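Visitor: how would this look folded up:
(chains A and B)
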Amino acid sequence: MYICQICKKSPATIHLTDIHNNVKKEVHICEACAKEKGFNIQTAANLPQLLGLAAKKGEGGKLPGTLPSALAAAVLPASKRRTEAKDTVCPVCGFTWKRFTEQTRLGCPCDYQQFGDQLRRLIASQLPPRASRNGPFHVGKTPARTDPAAAENIRTMRSLERRLRDAVTEQDYERAALLKSELDALAHEATGKVEDAG
Amino acid sequence: MLVDDAPGKPCPAARRNIGIVISTRVRLARNLAGRKFPTHPDGSDRLEILSDIKRVVGTLPGGDAFAWRNIDEESPLECRLLVERHLISRELAEGSGPRAVALNPERSLGMMINEEDHLRLQCLMPGLALHEAYARTDRLDNQLSERLEFAFDPFYGYLTSCPTNVGTGLRVSAMLHLPALAMTRHIEKVYRAIIEMRMAVRGFYGEGTEAYGELYQISNQATCGKNEADIIDDMDAAIAAIVRYEERARARLAASERRQLEDRIWRSWGALRHARLMNTEEAMRHLSSLRMGLAMGLFTDIRPSELDRLFLYSQPAHLQRLEGRELEPGDRDAARAALFRKSLGGEMN
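Guide: Residues are numbered from 1 along each chain as shown, chains lettered A, B, ... in the order given. Reported below is the predicted structural model:
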């Protein structure tokens, strides 16, 4: 995990790479410091090197106005449409994202669902170079009590969801529609067979 | 006693071994589903979690052979001994609330309960033995996961208190003795190469500690995005590369700076046999010289097993155990120097 280079405390969730005269520079900062330093996410989102940041804003924060609302509703569960300004509280452990950034440890396993978007970004930044940023993040063993086929199904579905969001953010509705039907088919297949382990 | 009192019997990871890879460690982080992590401040679940895990371990084949110790009931000195033998982490030793360690009779396979995660399985082996250490830890993990519901998400993997452990929960590490790379200042290049390979370098006691005795701990950083076999194979390849660098650096030193090398070894021998005060850092540096001398065939006046014993007993808690009393740092330095003089045939007065 990168620690913010400005406050040297919170985990960095914004990762910038700049290549100038063949010299690569990397900057890792947290959202609070980015805001404090007047980093304009809306303007920056147009720059190619900040594409990751733009996608992040579209997915976890306020959705772009051009996005058809019906499709948005299909893609994003209600909890994900909240603005990031409102920090959600985990009903099991009472943790907020802010509290996690302060003590860098989570309160309970449910937090992985509760703070899904922020955690996904954080974990994606730690992945080895060849791993897919869309996930699934876990490609290792499955506990004895979990059905491996059901787990694989959930992994595929979550990856499809992620790719679907990207397609919507990029306004590639043709690809989004294909991904959505693929996702629906899988969800239909999985219904009744498995409960989401999260 | 979890730590053997017989001074001649070193811990498994320090058995006669003068190779570059001193020891190998594998650990798996696991948590029970639906329970708060031990790092949650209210700590209400910890006692129940400890007794649940203890009960389940007792039902495993051979599970009753594990020796259990409640760390919250142990003396600070006993905890420190366990840390110095790498049987528990500093976090477990210095934590709060109900927490425990379980160790097999050989002290090579163990479990820490309520450290940062509910369960940390670990295997410590001498030399380079990543595959064997993983196989043993994996077997215990499989047995436990048949009886306990682990917090697992197919997308994220095994869920952990710190997101840097999520996924496989697997951390593999090796303790390497790299005196030639340190002497030739090539260690900086190795540091950079290790970081580029997405691995971490730490000192002797883990995170945030100094590389005393030219000992470096290398471990993987990414616990997800790769499966267990790939994490181990990549670490194996990285260690093999570092070992080759160290061997080359030793060969170069032996060819071009043999006199300086021998001078360092014999000065260390002299200091260990005659000094009146010696702190841990200096002791580990001299013992490192002798270890390098033995490995390179430049020095034969000490048995590897004696070197391992002195290495262990020069550490603060072991030294106090040997003396049978608590010692202030200044007194420790005197006791340490006396231990070396006595053990290595130096003058006693």
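Visitor: what's the pLDDT at residue 140?
Guide: Answering for chain A, as no chain was given. Residue A:140 is assigned a pLDDT of 92 by the prediction.
Visitor: Chain B, not that one
Guide: For residue B:140, the pLDDT comes out at 97.
Visitor: Please name the bridge partners of the residue of the stretch 51-200 of chain B found nearest chain A.
Guide: Nearest residue of the stretch 51-200 of chain B to chain A, counting by C-beta to the nearest C-beta: residue B:157, 2.9 Å away. Where C-beta positions appear, they are placed from N, C-alpha and C, glycine not excepted. Bridge pairing for residue B:157 (DSSP bridges) gives the partners residue B:153.
Visitor: Enumerate every residue touching it.
Guide: Contact analysis of residue B:157 by C-beta atoms under 8 Å, 6 or more residues apart in numbering or on different chains lists A:137, A:138, A:140, B:166, B:167, B:168, B:169, B:223, B:224.
Visitor: and which of the residues you listed is nearest residue A:108?
Guide: residue B:166 (13.4 Å; C-beta to C-beta).
Visitor: Once you drop chain neighbours, what's closest to residue B:289?
Guide: residue B:268 (3.7 Å; C-beta to C-beta, 6 or more residues apart in numbering or on different chains).
Visitor: Doesn't the one you found belong to a strand?
Guide: No. Looking at residue B:268 with DSSP: H, G, I helix; E, B strand; the rest coil, it is helix, so not inside a strand.
Visitor: Residue B:94: neighbouring residues, count only.
Guide: 12 (other C-beta atoms under 10 Å in any protein chain shown).
Visitor: Not counting its neighbours along the chain, what's nearest it?
Guide: In space, residue B:94 is closest to residue B:79, 7.9 Å off (C-beta to C-beta, 6+ apart).
Visitor: what's whichever strand or helix holds that neighbour packed up against?
Guide: In the assignment (DSSP states H and E), residue B:79 maps to helix B:76-84. Applying 3 or more C-beta pairs under 8 Å, 6 or more residues apart in numbering or on different chains; DSSP states H and E, one finds that helix B:76-84 contacts helix B:90-94, helix B:316-323.
Visitor: average pLDDT across it?
Guide: pLDDT averaged over helix B:76-84 gives 93.
Visitor: was I right about residue B:174 contacting residue B:19?
Guide: No. Shown here, residue B:174 and residue B:19 do not form a contact pair, counting by C-beta atoms under 8 Å, at 10.9 Å.
Visitor: So these two - more neighbours on which side?
Guide: Neighbour tally, residue B:174 and residue B:19, criterion other C-beta under 10 Å: the higher count belongs to residue B:174, 26 against 13.
Visitor: wait, what's in contact with the more buried one?
Guide: Going by C-beta under 8 Å, 6+ apart, residue B:174 touches B:21, B:22, B:23, B:24, B:25, B:128, B:130, B:217, B:218, B:219, B:235, B:239.
Visitor: how near is the third one to chain A?
Guide: When distance is defined by C-beta to the nearest C-beta, to the nearest Å, residue B:23 is 24 Å away from chain A.
Visitor: Secondary structure element holding that residue?
Guide: Residue B:23 is part of strand B:21-30, with elements assigned from DSSP H and E.
Visitor: which helices and strands sit right next to that strand?
Guide: Using 3+ C-beta pairs under 8 Å, 6+ apart, strand B:21-30 sits against strand B:119-126, helix B:130-147, strand B:157-158, strand B:170-177.
Visitor: Most tightly packed of those?
Guide: strand B:157-158 (a mean of 30; mean count of other C-beta atoms under 10 Å in any protein chain shown).
Visitor: Tell me how far that one lies from the chain's centre.
Guide: Distance of strand B:157-158 from its chain centroid, counting by C-alpha atoms, centre = their mean, to the nearest Å, is 25 Å.
Visitor: do stretch B:82-90 as well
Guide: Here stretch B:82-90 is found 7 Å from its chain centre; the criterion is C-alpha atoms, centre = their mean.
Visitor: Dump it to PDB, restricted to CA.
Guide: Output of stretch B:82-90 as PDB, limited to C-alpha atoms (Å, rounded to 0.1, in the frame of the first residue of the first chain):
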ATOM      1  CA  LEU B  82       9.500 -15.900  21.400                       C
ATOM      2  CA  VAL B  83      10.000 -12.800  19.200                       C
ATOM      3  CA  GLU B  84      13.800 -13.300  19.100                       C
ATOM      4  CA  ARG B  85      13.200 -16.900  17.900                       C
ATOM      5  CA  HIS B  86      10.700 -15.600  15.300                       C
ATOM      6  CA  LEU B  87       8.000 -17.800  16.800                       C
ATOM      7  CA  ILE B  88       5.600 -14.900  17.300                       C
ATOM      8  CA  SER B  89       5.500 -11.400  15.800                       C
ATOM      9  CA  ARG B  90       6.300  -8.200  17.700                       C
END
